[in-house]
Every structure is written in structure tokens, then in C-alpha cells.
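I'll drop the sequence and a predicted model, then ask my questions.
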Amino acid sequence: MDNISKKKKPQTSITGGCFCGLIKYKIEGKLRDARSCHCPDCRKAFSAQASAYALVNPDEFSWVSGKTLLTIYKSKKGEGLQFCSICGSTLTGTLDGNIHGVTLGCVNDDPDIEIGMHIYVGSKANWEIIPDGVIKYQEAPPENI
Ligand SMILES: [Zn+2]
Ligand SMILES: [Zn+2]
């Protein structure tokens with residue numbers, strides 16, 4: 001909303017967790033490539049108008065608590081989503097069994113990253129209004145990373 005209260009703090013580990021609080025994780029590193037995808041699949045997977053997702057280095061990610069409560073839904077070609085079996089929060093995306101990224105909604109505090117692009121806005125829901133001024137692509141971004 002506003003950036004006035006945004007202040008730089010020394011980089012410590014990023015933490016995150018689910019809605020009920022039983023599952024927690026930490027990341028000893030930085031998030032990167034934050035993006036929001038407005039395609040119909042992401043709307044369903046994230047139960048929202050779009051995804052809000054950032055990539056992590058799998059070596060820097062670790063579960064702190066509640067790992068046994070995770071359930072994985074394997075969607076397509078090696079991709080999976082891990083969610084809390086108690087409260088349903090989707091926490092992480094996996095690729096070929098490794099942590100690939102985190103859902104920004106489950107990250108605590110300020111992870112010092114902003115959504116850099118909105119993709120697949122050509123298939124957004126009719127009820128969603130995307131604000132002017134954001135970087136957006138009708139489908140995949142040009143380099144498709
Ligand atoms: Zn939970
Ligand atoms: Zn999508």
C-alpha cells in the first residue's frame with residue numbers, strides 16, 4: 001500500500017508459516033523473481049485472484065516445524081504444491097521433489113522483495129482489476145523463465 005513505513009533492516013533469515021501456525025520454515029538467503037500469475041490454474045491453486053510467488057535456493061530453505069503435516073499436490077510435469085493438511089495454506093512449490101519457491105502470502109514480515117511482473121493477465125478473472133503502472137504481460141514473460 002504505502003512504502004513510507006518500509007525500512008531496511010539487517011538481513012536475517014526469512015521466515016514463513018501457515019495460517020494455523022503449525023508449519024513453519026526459514027530461508028537463509030534471499031527470495032528472487034517474485035511474480036504474480038493471473039491464469040485460471042493459479043487462481044485455483046492459490047485460492048485468490050492470482051499467484052504471488054517467489055523463487056528460493058533449495059539449499060537455503062528448511063522446515064522448522066510441522067513438516068509431517070504437509071501434504072503435496074502434484075499438478076503437472078514434476079511440479080507440486082505443498083500445503084498444510086490442517087488449515088489448507090499453500091506454502092511452497094516444488095519441482096522434481098525439491099523446493100522451488102514460496103507463496104508470498106505465507107512469508108512473515110518484510111522479505112525485502114516486490115512482485116516484479118504480472119503475467120497471464122490476458123486470462124485474468126473478470127472481477128479482478130489490475131492497477132495501472134505494474135509491469136504486465138498478456139501471457140508468459142518474453143524470456144519465459
Ligand atoms: Zn496450518
Ligand atoms: Zn499461472
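Ah, there it is. Ligands and ions are numbered 1, 2, ... in the order given.

next, the distance between the ends of stretch 35-50.
Terminal residues of stretch 35-50 lie 10 Å apart, using CA to CA, to the nearest Å.

all helices of this structure, in order?
Listed in chain order, the helices of the chain (DSSP state H) span 40-46.

so which bits of it are right by ligand 1?
Counting by CB under 5 Å from the ion, the residues of the chain close to ligand 1 are 18, 20, 22, 84, 86-87. For the C-beta atoms, the positions are set from N, CA and C on the backbone; glycine is no exception.

I'd say Gly80 and Thr90 touch.
No - using CB atoms under 8 Å, Gly80 is not in contact with Thr90, being 10.6 Å away.

still on that earlier bit, which of the residues of the chain next to ligand 1 has the most neighbours?
Of all these, Cys18 has the most neighbours under the rule other CB atoms under 10 Å, reaching 24 neighbours.

for Lys30, see how far away it is.
22 Å (CB to CB, to the nearest Å).

which bits of the chain sit near ligand 2?
So the chain meets ligand 2 at 37, 39, 42 (CB under 5 Å from the ion).

the same query, at a cut-off of 6 Å, please.
Residues of the chain found near ligand 2 (CB under 6 Å from the ion) are 37, 39, 41-42, 51, 120.

just those residues now: which is nearest ligand 1?
Ser51 (19.0 Å; CB to the ion).
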